[in-house]
Structures are given as C-alpha cells and as structure tokens.
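Enquirer: next come a sequence and a model predicted from it.
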Amino acid sequence: MSDCIFCKMLTGDIPCNKVYEDDQVLAFHDIAPKAPVHVLVIPKVHVASLYELDEVSTPYAHAMISKAPEIARELGLAEGFRLIANTGEACGQTVHHMHFHILGKFNDTGDTG
Ligand code: 5GP
Ligand code: ZN
C-alpha cells in the first residue's frame, strides 16, 4: 500500500528504531510510547486489521504472536508484558496496517495511566 506508513517502514522509506526482524515480521519502538517499553510488531505483508486476515496474511499473524514472547524477553520483559491489537477505529486503531503493541515495565500497580 503506497500510502501506508508501516509499509514504508518495511521498504525503508520511513526510518524506524528496529528491535527485531525476520522474514515475516518487523518490530520497532513506538514513536509515542504509552509505557516505559512500547514496541510495535508488524507483518511483512499489508493487511489492514485482524478483521481482514486471509489465507496469505494469517500465517504472518501467527508468526507475530509466536515471536512476541521472544521479542519481549529481548526487551527485558521477562516478568511480563501486554500484547494488544487495536482493531478498528472505534477501538483506537489509527494505523491501518495490522500490528501488535508489546507493552511492559508498568509501575507496581500495573496501572497504564
Ligand atoms: P494504533 O493506534 O493503530 O493501535 O497504533 C498505532 C501506533 O503507531 C501508535 O501507538 C503510534 O504512536 C504509532 N506510530 C504512528 N506513527 C508512527 C511512526 O511514524 N513511527 C513509529 N515508530 N510509530 C508510529
Ligand atoms: Zn501497510
């Protein structure tokens, strides 16, 4: 998708602070972190949201989930993390290239603030 900022990160047209990459996923720090650790995991195929998953993109979604704990450990989140996919504008999705938020290192109450 030519107007998709996450696709532009995949092509290198928009820089990102990369933390992990393989043949199916890219993970990078969120530009406006909502927690002390806030990383986005995206598939290397354009799919708008979980609602649009098809036979091509579903294996990428599986890879994103299965890689998330490995990425979280690398980020120092062995004590725990949150994995969130805002799906649809009504529930906060602002970038329409499916992604998971990995969030961690909250305060002692677990309050996200
Ligand atoms: P959503 O609101 O769609 O669930 O999440 C989109 C996320 O992308 C937001 O947390 C936002 O801060 C992040 N984001 C938007 N534009 C950029 C960007 O250019 N670079 C990075 N690293 N993150 C971005
Ligand atoms: Zn895209």
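Expert: Arrived safely, thanks for sending. Numbering: from 1, shown residues only. Ligands and ions are numbered 1, 2, ... in the order given.
Enquirer: Met9: what's it in contact with?
Expert: Pro15, Cys16, Leu26, Phe28, Ile42 (CB atoms under 8 Å, 6 or more residues apart in numbering). Glycine gets a C-beta too; all of them are placed from N, C-alpha and C.
Enquirer: show me these that map onto strands.
Expert: When these are checked against strands (DSSP state E), the matches are Leu26, Phe28, Ile42.
Enquirer: now the lengthiest helix in the chain and strand 25-29, what's the angle there?
Expert: Ranked by number of residues, the top helix in the chain under DSSP state H is helix 58-74. Relative orientation of helix 58-74 versus strand 25-29 (axes from the mean of the first three to the mean of the last three CA atoms, to 10 degrees): 40 degrees.
Enquirer: buried ones in helix 58-74?
Expert: Neighbour-count burial for helix 58-74 flags Tyr60, Ala61, Ala63, Met64, Lys67, Ala68, Ile71, Ala72 (criterion: 16 or more other CB atoms under 10 Å).
Enquirer: check whether that helix comes near ligand 2.
Expert: No. For helix 58-74, no contact with ligand 2 is found by CB under 5 Å from the ion; the gap never falls below 11.7 Å.
Enquirer: helices and strands around that helix, which ones?
Expert: strand 18-21, strand 25-29, strand 37-43, strand 100-104 (3 or more CB pairs under 8 Å, 6 or more residues apart in numbering; DSSP states H and E).
Enquirer: give the pairing partners of the last one; include direction for each.
Expert: Using DSSP bridges, the strands paired with strand 100-104 are strand 37-43 (antiparallel), strand 82-84 (antiparallel).
Enquirer: next one: the second one
Expert: Applying DSSP bridges, strand 25-29 is found paired with strand 18-21 (antiparallel), strand 37-43 (antiparallel).
Enquirer: ok, the closest residue to Cys4 other than its chain neighbours - contacts?
Expert: Leaving aside its chain neighbours, Cys4 sits nearest to His97 (5.0 Å; criterion: CB to CB, 6 or more residues apart in numbering). Shown in contact with His97 (CB under 8 Å, 6+ apart): Met1, Cys4, Ile5, Phe6, Cys7, Ile42, His46, Val47, Ala48.
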